[in-house]
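Undergrad: Need the 3D shape of this:
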Amino acid sequence: MDFVIKRFNELELEEYHELLKLRCAVFVVEQQSPYQEVDDADKEALHLYYRNSDGKLAAYARVLPAGVTHETASIGRVIAAERGTGAGRRIMKEAIRIAQEELDADVITIEAQVQARGFYEKLGFAQTSDEFDDGGIPHIEMKLTRA
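TA: Residues are numbered from 1 along each chain as shown. As a prediction, this is how the structure comes out:
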């Protein structure tokens, strides 16, 4: 798989369109969660994705500096287009690495769907909030602190 990392102004129009199409397909249509998927945080984000051998998007995440959506650096919009292949774990490991190396993050915050808590716990995240509703889906805040 080919790994790509780009800032907003480095994304080609077709590339950004493809990322948004995947995000909307999963977060709005598949999960039936009508919310504002496209936001200004995209302009501040590092956009990470994997393409599989035939060029299709396999996984995506965005990494945000502290102060954009949370007091700490954060990771969001995590998608494994190819489920069950390890692509989700792979993109999260890269997102954590990028947050720590590029943004010098000692703490990383995520807002995880409750059903994915175990996935994130295996990556070292710990729950830091009660459940809350986000677009009709139960979420929790979780944090990873660098050892």
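Undergrad: okay, now Ala81: neighbour count?
TA: For Ala81, the tally of surrounding residues (other CB atoms under 10 Å) stands at 20. The C-beta positions use only the backbone N, C-alpha and C, and glycine is treated the same way.
Undergrad: mind listing what it touches?
TA: 22, 26, 56-60, 87 (CB atoms under 8 Å, 6 or more residues apart in numbering).
Undergrad: Can you check those residues and name whichever has the most neighbours?
TA: The most neighbours of any of these, using other CB under 10 Å, belong to Ala59, which has 28 neighbours.
Undergrad: OK, contacts around it?
TA: Applying CB under 8 Å, 6+ apart to Ala59 gives the contacts 49-50, 78-82, 87-88, 90-91.
Undergrad: run the last query once more with 6 Å
TA: By CB atoms under 6 Å, 6 or more residues apart in numbering, the contact list for Ala59 reads 50, 80, 87, 91.
Undergrad: Ok, Met142 next?
TA: 110, 112, 120, 125, 127.
Undergrad: my guess is the first one meets Ile75, correct?
TA: Yes - using CB atoms under 6 Å, Ile110 makes contact with Ile75 at a distance of 5.2 Å.
Undergrad: Mind checking which of these two has more residues around it?
TA: More neighbours surround Ile75 than the other of Ile110 and Ile75, with 31 against 25 (other CB under 10 Å).
Undergrad: Does Ala59 belong to a helix, a strand or coil?
TA: Of the three states, Ala59 takes strand under DSSP: H, G, I helix; E, B strand; the rest coil.
Undergrad: Just the helices from the chain, written as ranges.
TA: For the chain, the helices defined by DSSP state H cover 13-23, 87-102, 117-122.
Undergrad: As a check, name the ranges of all strands in this structure.
TA: 2-7, 46-51, 57-64, 73-80, 107-113, 126-127, 132-134, 137-145 (DSSP state E).
Undergrad: Only the buried residues of the last one, if you could.
TA: Neighbour counts over strand 137-145 (16 or more other CB atoms under 10 Å) mark 139-144 as buried.
Undergrad: Same list, the residues you listed, but as CSV with pLDDT please.
TA: Shown next, in CSV, are the buried residues of strand 137-145 (pLDDT from 0 to 100):
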residue, pLDDT
His139, 95
Ile140, 98
Glu141, 98
Met142, 98
Lys143, 98
Leu144, 98
